[in-house]
Every structure is written in C-alpha cells, then in structure tokens.
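Enquirer: Provide a 3D model corresponding to the input given below.
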Amino acid sequence: MTGPSHFAPGASIPLSARGVTVRFRETSAVRGVSVDVPAGACVALVGESGSGKTTLLRCFNRMVVPQSGVVSVGHADVSTFDVADLRRHVGYVPQHGGLLPHWRVLRNVALVPTLLGDVNAFDAARSALALVGLDVERYGERFPHELSGGQRQRVALARALAARPGAILLDEPFGALDAITRADVQGAFERLREELRVTTVLVTHDLAEAARLATEIVVLKEGRVEQRGTFGSLVHTPDTAYVEALVRRAQSAASSLLAS
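Expert: Modelled structure (predicted):
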C-alpha cells in the first residue's frame, strides 16, 4: 500500500469518482456515477434518502469500497492507499459530529495531528478551534455533553481541519441543528471555506443549503446523477422533472420562511 502522506498540509487536493457502482446485496446504492471535485471547490451531493449520496461520499475515504469504478484523491487511486493513513489526511464530519464522549474538547480536536506524529498537535487544535470561532480557554476543557449542538458541530469541524487536510467530507453536518443554530454554523463554515479553500464534498438533502455553501451541486436520484451544475442552472434549466420538483420545493420552503 502507498499513502497520501506526501500531500502538503493545507494544500487543496482534487477528488474524483469515475463510473462508481456500489451494491449492497441485491440493491444498487450507486450506479455508474462520475463526479469531479476540483481542488479548492465545494461540491454538494443533494438528494432524498436512498439516493446514494452518503454512500458515494464514503467511497472517498474507503468507508465504502465500490464494486466497480475508480475513486481518486489527489490524482491517486484510493485503493492503493493505506486506509488509516488516508483517513488521517482526508477530514470527515458525520451528521452528529462523532466526538469521543470521554475526551475533552481540546483532546478531541488534537486527535488526528497526534496520530500523525505532530509534536505541536495541541497547538494545531487550538488554532483549529479559533478558526471555528470557539475560545479554547472557555471550551477546551469541556466534555462534548457540556456543549450545545452547534458547539459540538463546530468542534467536529475543528477536528476535521486540525491537521490541515487537503480535503474534507461533510455528511449532513448541519441537519440535526435547529434553524437558527444551523444558519450560524453554516456561516462559520462559509468563512472557513473562504479562508482555507479546502476541497469539500457536502452531503445534504437541503437544496437551499447546497446553494449557499457549494460551488457546484450534483443531484442524485436512486443512485444516478440527475443533473449537475450551479444552483442557477438547476433553477433556470432543470434537466428532469425530478430536479424541477426539487427546486420548486426549495423555493416554496424559502417563501414560507420569509412569510412567517
């Protein structure tokens, strides 16, 4: 096995999937999907439950291994990487953060730099917490259960960024938050993206969220790509009835929110 250890810390790397198919027993979760994520871009995978978006996301860090197709990180086939090394160089934030409950915040955030042998791991963790807007003096010694939902997700983002990975994978990281907290954490992520330009794949069922955060949107349905492009292209030239209905629902939800 080779590894991604040669990736320069903080340097954005491209991701790609070519003809990826994933089957679970008799069910095809992803069907011949190809997606490119240029270095520094944020691509959102949008679709309803069962569309294959999370399965595709997890192919990039080998949590899922496709039956066919090629998945690349930094122009190298992920099947040639040592799994542990790959996951230490590609940040990952699951929906509920995945923080270790028995570790304090600062130690949680320092996890990956420590595993990579960084003698300044806790300094890296302090910097990452500052990036997401959390005061290390106030929050660093707390346990995850002593934080609000929004604070936990900020800590999860900080942990994903502490080792300055070239790419991060976000699996509906804001979906469990209330509307106000969600908007606040989305704003923090926007500022991070502007500062770091880290390559990002964002899984979301919320088209409005994708429109706010992503440079490109890939709409999935039943494991296939329905359409890809900017939010504007989806709105003005939907390729399918499904995309048109998705846009209409997003616009209706936004109108209802403004009217309330």
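Enquirer: give me the mean pLDDT for stretch 108-125.
Expert: The predicted model assigns stretch 108-125 a mean pLDDT of 94.
Enquirer: now do stretch 246-260
Expert: 67.
Enquirer: cool, stretch 146-166 as well?
Expert: Rounded mean pLDDT across stretch 146-166 is 92.
Enquirer: gap between it and the chain center?
Expert: 12 Å (CA atoms, centre = their mean, to the nearest Å).
Enquirer: buried residues in it?
Expert: For stretch 146-166, burial by neighbour count (16 or more other CB atoms under 10 Å) applies to 147, 149-166. Every C-beta, even on glycine, is put in place using the N, C-alpha and C of the backbone.
Enquirer: got the CA positions of that stretch in CSV?
Expert: Presented in CSV, the C-alpha positions along stretch 146-166 are these (Å, rounded to 0.1, in the frame of the first residue of the first chain):
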residue,chain,number,x,y,z
GLU,A,146,-21.4,20.0,28.1
LEU,A,147,-21.7,21.8,24.7
SER,A,148,-24.8,22.8,22.6
GLY,A,149,-25.5,21.0,19.4
GLY,A,150,-24.0,23.9,17.4
GLN,A,151,-20.9,24.0,19.5
ARG,A,152,-20.4,20.2,19.1
GLN,A,153,-20.6,20.6,15.3
ARG,A,154,-18.0,23.4,15.4
VAL,A,155,-15.7,21.2,17.4
ALA,A,156,-16.3,18.4,14.8
LEU,A,157,-15.3,20.8,12.1
ALA,A,158,-12.2,21.9,14.0
ARG,A,159,-11.2,18.2,14.5
ALA,A,160,-11.6,17.6,10.7
LEU,A,161,-9.4,20.7,10.0
ALA,A,162,-6.8,20.5,12.7
ALA,A,163,-4.3,18.5,10.6
ARG,A,164,-4.9,20.9,7.7
PRO,A,165,-6.2,18.2,5.3
GLY,A,166,-6.3,18.8,1.6
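Enquirer: need the strands for the stretch 101-250 of the chain, in chain order.
Expert: 167-171, 199-204, 216-221, 224-229 (DSSP state E, counting those that start in this stretch).
Enquirer: pLDDT below threshold where in the stretch 1-150 of the chain?
Expert: Within the stretch 1-150 of the chain, the ranges that satisfy pLDDT under 70 run 1-6.
Enquirer: for the stretch 101-250 of the chain, which segments count as helices?
Expert: Taking DSSP state H, counting those that start in this stretch as the criterion, the stretch 101-250 of the chain carries its helices at 105-109, 111-115, 121-131, 136-139, 149-161, 179-196, 207-213, 231-236, 241-259.
Enquirer: out of the ones you listed, flag the one nearest residue 11.
Expert: Proximity to residue 11, assessed across the helices of the stretch 101-250 of the chain by CB to CB, is greatest for helix 179-196 (10.5 Å).
Enquirer: for the closest one, packing partners?
Expert: helix 121-131, helix 149-161, helix 207-213 (3 or more CB pairs under 8 Å, 6 or more residues apart in numbering; DSSP states H and E).
Enquirer: what angle do strand 199-204 and it make with each other?
Expert: 160 degrees (axes from the mean of the first three to the mean of the last three CA atoms, to 10 degrees).
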